[in-house]
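1. Pasted the sequence and its predicted model underneath.
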Amino acid sequence: MRKSTPWKTVGWLVCLSLLAFVGQGESWRPSLAASPAPLSTVTVTKPSGAATDVVAEGDDFFTRVLGDRRDMNERLDLRWQVGISNISVASGIWQGNWSANSSVYAHYPGHDIGAANIGPIGTQYPIDTSTYRQLSFRIYSSSSTSYEWSAYPGYLVEGGNSVATGSVTGGQWKTYVHTLTSNWSGSMQGLRFRLVQPSSDFRFDWVRLTDPDTSPTYNITWSGAGSGTVDIYCDDDINYSNGTIAQIADNTSNDGSFTWQTAAFPPGDYYIYIEHSGDSPGGGDYSSGPLTIVEAPILDFTAPSVSSGDDYATAELNSPWDMSSDSSIRSEVWSRHHIESPCPCFANGEMYGTTSGNDPFVYPNLDKNKPVNASKYKYLSWRWYVEGDWTDSHDRLTSANGWVTRFHYFSGYHYDINTNMNTLNDIIIWEGWNSYTVDLSQGYLDDEAPGPGGGWAGTIYGLRFDFLEGTNPFNFHVDWVLLTADPTAQAGSTYDIQWTIQASERPMTITLKYDSDQNPNNGFAGNIATLTPGGSGTPPSGSYLIYLPLVTRNYDSTAPTQDSYRWSVPLGLSGSYYIYAEVNDGVNISEWYSKVPVVISS
């Protein structure tokens with residue numbers, strides 16, 4: 001979270017409780033050095049730093065639907081940029097040099113109907129505009145400019161419509177809040193930010209898209225002599241001279257109480273500063289302690305998941321495609337194409353090299369004598385990285401660059417591109433290390449020659465990994481490739497449910513259930529367990545995971561580590577069931593489903 005400069009603005013932000021548009025106009029106050037003595041005697045009485053000065057995080061689309069806050073900790077918190085150079089991400093700030101009409105997506109809509117639009121994008125996760133109507137964000141520009149947000153009801157190539165505009169004063173951090181109404185209805189696939197004038201240094205701190213109707217509230221109180229109105233600000237410290245985070249009320253009635261709707265703001269500690277309207281800057285009072293907006297726990301199931309079922313190369317060949325050695329790919333000359341000699345090379349658990357022509361590819365080492373049963377194995381996943389970044393993301397799709405991946409598979413013993421070869425649609429390559437997954441049973445096939453053969457059915461004898469489709473050379477790194485089955489369990493036996501969690505350090509109760517769909521509003525198929533605070537165990541590991549020694553288990557010492565539960569699957573149960581978790585930290589309650597079901601046989 002970044003503050004404004006020591007120069008302070010007023011009159012630009014309307015009370016959040018009224019859900020008004022913020023940030024289009026500004027007025028300036030003199031610097032502290034030129035200020036006369038303060039006139040106000042306001043004293044902030046709440047928050048005071050008491051244990052009860054906490055509220056839940058508001059319902060944010062990126063948090064609750066994607067499970068990925070737009071907190072600018074990752075390069076792909078914003079993606080598909082146009083006119084932005086020198087992009088970097090560090091310490092929770094996404095920044096770059098922006099030219100006139102530069103743009104980038106907080107929620108990428110998907111390219112077009114001819115692409116395999118997979119992953120956490122709008123095609124897979126559309127925005128419900130009847131729920132998520134409040135857009136807030138914090139930005140900095142080195143020069144004054146103006147901005148526009150556009151919503152995309154369909155794919156990128158179909159265009160979007162303006163939903164919010166505003167102006168930015170150069171040289172300061174500022175928080176903006178918009179209530180979206182115009183061109184904001186139905187289901188939206190994309191959300192784009194455009195900068196109208198150039199900025200040599202433009203930065204994002206965070207973006208939120210929230211439900212104002214369910215916003216948590218907090219009652220700020222104060223006392224003070226005199227009449228008139230007060231201005232209220234939130235801040236991340238009690239030092240007025242280095243600026244504030246945002247003004248949350250302007251000229252509000254001096255009755256000693258104000259209800260702050262907090263959904264627009266990200267998790268964190270917020271001190272409250274209040275002064276009488278018209279007083280000298282810095283002449284008010286800070287709260288003695290902060291109000292804490294507690295982050296909602298984000299839970300991600302790793303079992304069941306697309307990668308937790310049997311892996312073909314491991315289960316059938318006893319030789320996973322983990323790129324630890326040359327044995328992960330076929331060795332014939334024809335099976336390795338347009339990769340600079342002497343590579344493909346293998347070191348430190350990855351395959352790497354440099355492409356040297358159109359359609360560079362390798363064949364994962366699929367044994368024709370142990371072909372793939374397509375009715376069992378269907379999730380194709382891989383993790384890899386192509387070196388490079390783009391000032392204009394459209395350039396990645398030129399014929400010379402060809403930053404798209406394709407896989408091909410063969411339904412015949414002899415690989416014949418004219419009779420039994422199936423070609424997946426283009427899969428856009430994103431910057432940095434990323435994991436990708438395609439459910440091959442859902443198609444994603446290119447209808448152009450050599451195009452679809454028989455589809456993902458029957459027996460598959462070959463698999464080809466086409467890295468890119470351009471002629472320019474690029475360095476690539478492949479970590480692993482998986483071809484996995486649905487996770488399975490046997491009724492009357494046990495199944496290890498596993499997860500990772502991002503959460504604040506608060507005691508949590510986790511309630512596990514199983515469900516035939518992913519809708520908690522129509523009931524559940526059955527209960528699994530309620531895990532309550534007070535236990536101990538081996539800390540889980542992984543990125544963005546905070547160990548909480550808080551979950552009690554009601555099973556024996558052979559159970560998995562703290563981020564798992566050994567489920568005794570009921571006798572007679574059969575079918576496909578998603579696993580559901582309700583996580584309650586005493587402030588927030590968040591609900592999560594596994595992305596794929598576990599298939600239970602009786």
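-> Here it is on my side, so go on.
2. Please count neighbours and contacts with C-alpha atoms only from this point.
-> Will do.
3. in this structure, which ranges drop under the pLDDT threshold?
-> Along the chain, the parts satisfying pLDDT under 70 run over 1-40, 225-226, 534-562.
4. could you point out the longest helix in it?
-> Selection of the longest helix in the chain by residue count, based on DSSP state H, yields helix 312-317.
5. any idea how far residue 367 is from the residue nearest in space to the middle of the chain?
-> The C-alpha lying nearest the average C-alpha coordinate of the chain belongs to residue 68 (CA atoms, centre = their mean; 2.7 Å). Distance of residue 68 to residue 367, given as CA to CA, to the nearest Å: 38 Å.
6. now do residue 460
-> Residue 460 sits 10 Å away from residue 367, taking CA to CA as the criterion.
7. And the helices in the protein?
-> Assigned by DSSP H, the chain shows helices spanning 61-64, 312-317.
8. Quick check: bridge partners of residue 54?
-> Applying DSSP bridges to residue 54 gives these bridge partners: residue 292.
9. pretty sure it contacts residue 293?
-> Yes - counting by CA atoms under 8 Å, residue 293 is a contact partner of residue 54 at 5.9 Å.
10. and those two? which has more neighbours close in?
-> In terms of neighbours (other CA atoms under 10 Å), residue 293 is the more surrounded of residue 54 and residue 293; the figures are 23 against 19.
11. which ones are touching the more buried one?
-> Under the criterion of CA atoms under 8 Å, 6 or more residues apart in numbering, the neighbours of residue 293 are 54, 55, 56, 57, 262, 266, 267, 268, 269, 270.
12. what about the spatially closest residue to residue 101 that is not a sequence neighbour, distance to residue 145?
-> Once flanking residues are discounted, residue 101 sits nearest to residue 196: 4.6 Å by CA to CA, 6 or more residues apart in numbering. Taking CA to CA as the measure, residue 196 and residue 145 are separated by 7 Å.
13. Same question for residue 49.
-> Taking CA to CA as the criterion, residue 49 is separated from residue 145 by 38 Å.
14. same check, this time on residue 271
-> Plainly put, residue 271 is 30 Å away from residue 145 if you go by CA to CA.
15. Looking only at neighbour counts, state which of those two leads.
-> Set side by side, residue 271 and residue 145 show more neighbours around residue 271, with 24 against 17, by other CA under 10 Å.
16. Assess the claim that that one and residue 286 are in contact.
-> Yes - between residue 271 and residue 286 there is a contact under CA under 8 Å: 6.8 Å.
17. Tell me the residues that contact both of the two, please.
-> Residues touching both residue 271 and residue 286 by CA under 8 Å, 6+ apart: residue 238.
18. I'd guessed residue 108 sits against residue 188; true?
-> No - in this structure, residue 108 is not within contact of residue 188 by CA under 8 Å, at 10.4 Å.
19. residues shared between the contacts of the two?
-> Counting by CA under 8 Å, 6+ apart, the residues touching both residue 108 and residue 188 are residue 122.
20. still on that earlier bit, ok, the residue nearest to residue 101 - how many residues close by?
-> Other residues within reach of residue 196, judged by other CA under 10 Å, total 17.
21. Please verify my assumption that it contacts residue 144.
-> No - here residue 196 lies out of contact with residue 144, judged by CA under 8 Å, at a distance of 10.2 Å.
22. residues contacting residue 129?
-> For residue 129, the contact set (CA under 8 Å, 6+ apart) comprises 184, 185, 186, 187, 188.
23. Could I get the contacting residues of the third one?
-> So that's residue 186. By CA under 8 Å, 6+ apart, residue 186 lies in contact with 128, 129, 130.
24. separation between it and residue 124?
-> With distances defined as CA to CA, the gap from residue 186 to residue 124 amounts to 16 Å.
25. Need the nearest residue in space to residue 336, chain neighbours excluded.
-> On the basis of CA to CA, 6+ apart, the spatially nearest residue to residue 336 that is not a chain neighbour turns out to be residue 362, at 4.7 Å.
26. Same check on residue 440?
-> residue 378 (5.3 Å).
27. Can you report how many residues neighbour residue 519?
-> By the criterion of other CA under 10 Å, residue 519 has 11 neighbours.
28. What values do phi and psi take at it?
-> The phi/psi pair for residue 519 (degrees, to the nearest 10) reads phi -120, psi 110.
29. Could you chop the chain up by domain?
-> Following automatic domain parsing, the chain resolves into domains at 9-57+215-294, 64-213, 298-302+488-601, 312-485.
30. Return the residues in contact with residue 516.
-> Counting by CA under 8 Å, 6+ apart, residue 516 makes contact with 524, 525, 576, 577, 578.
31. before we move on, the earlier item: export the contacts of residue 129 to a markdown table and tack on distance to residue 318?
-> A markdown table is the format used below for the contacts of residue 129 (distance: CA to CA, whole Å):
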| residue | distance to residue 318 |
| --- | --- |
| 184 | 52 |
| 185 | 52 |
| 186 | 49 |
| 187 | 45 |
| 188 | 45 |
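32. from those, which would you call buried?
-> Buried by 16 or more other CA atoms under 10 Å: 184, 185, 187, 188, out of those.
33. Correct me if wrong: the second one contacts residue 130.
-> Yes - look at residue 185 against residue 130 with CA under 8 Å: they come within range, at 6.7 Å.
34. Flag every buried residue along stretch 430-444.
-> Along stretch 430-444, the positions that meet the burial threshold by neighbour count (16+ other CA under 10 Å) are 430, 431, 437, 438, 439, 440, 441, 443, 444.
35. Quick check: the two most widely separated of those residues?
-> The largest separation in the buried residues of stretch 430-444, counting by CA to CA, is between 431 and 441 at 27.1 Å.
36. Could you check how far residue 360 is from residue 332?
-> Relative to residue 332, residue 360 is positioned 15 Å away (CA to CA).
37. Neighbour count: those two, which is higher?
-> When neighbours are counted by other CA under 10 Å, residue 360 and residue 332 differ, and residue 360 comes out ahead with 21 against 9.
38. so what's the residue nearest to the more buried one when sequence neighbours are not counted up against?
-> For residue 360, the nearest residue in space outside its immediate sequence neighbours is residue 338; the separation is 4.6 Å by CA to CA, 6+ apart. With contacts taken as CA under 8 Å, 6+ apart, residue 338 has the following neighbours: 355, 356, 357, 358, 359, 360, 361.
39. Spatially nearest residue to residue 524 (excluding sequence neighbours)?
-> Excluding its sequence neighbours, the residue lying closest to residue 524 (CA to CA, 6+ apart) is residue 515, at 4.8 Å.
40. In this structure the one you found contacts residue 580, no?
-> Yes - look at residue 515 against residue 580 with CA under 8 Å: they come within range, at 7.0 Å.
41. Buried only: go through the contacts of residue 338 for me.
-> Buried subset of the contacts of residue 338 (neighbour count, 16+ other CA under 10 Å): 355, 356, 357, 358, 359, 360, 361.
42. So what would you say the end-to-end distance of stretch 589-597 is?
-> Stretch 589-597 stretches 23 Å from its first residue to its last (CA to CA).
43. ok, residues contacting stretch 251-259?
-> Counting contacts by CA under 8 Å, 6+ apart, the residues outside stretch 251-259 that touch it are 17, 217-224, 227-231, 277.
44. Could you find the closest non-adjacent residue to residue 523?
-> Using CA to CA, 6+ apart and skipping the chain neighbours, the partner closest in space to residue 523 is residue 515 (7.9 Å).
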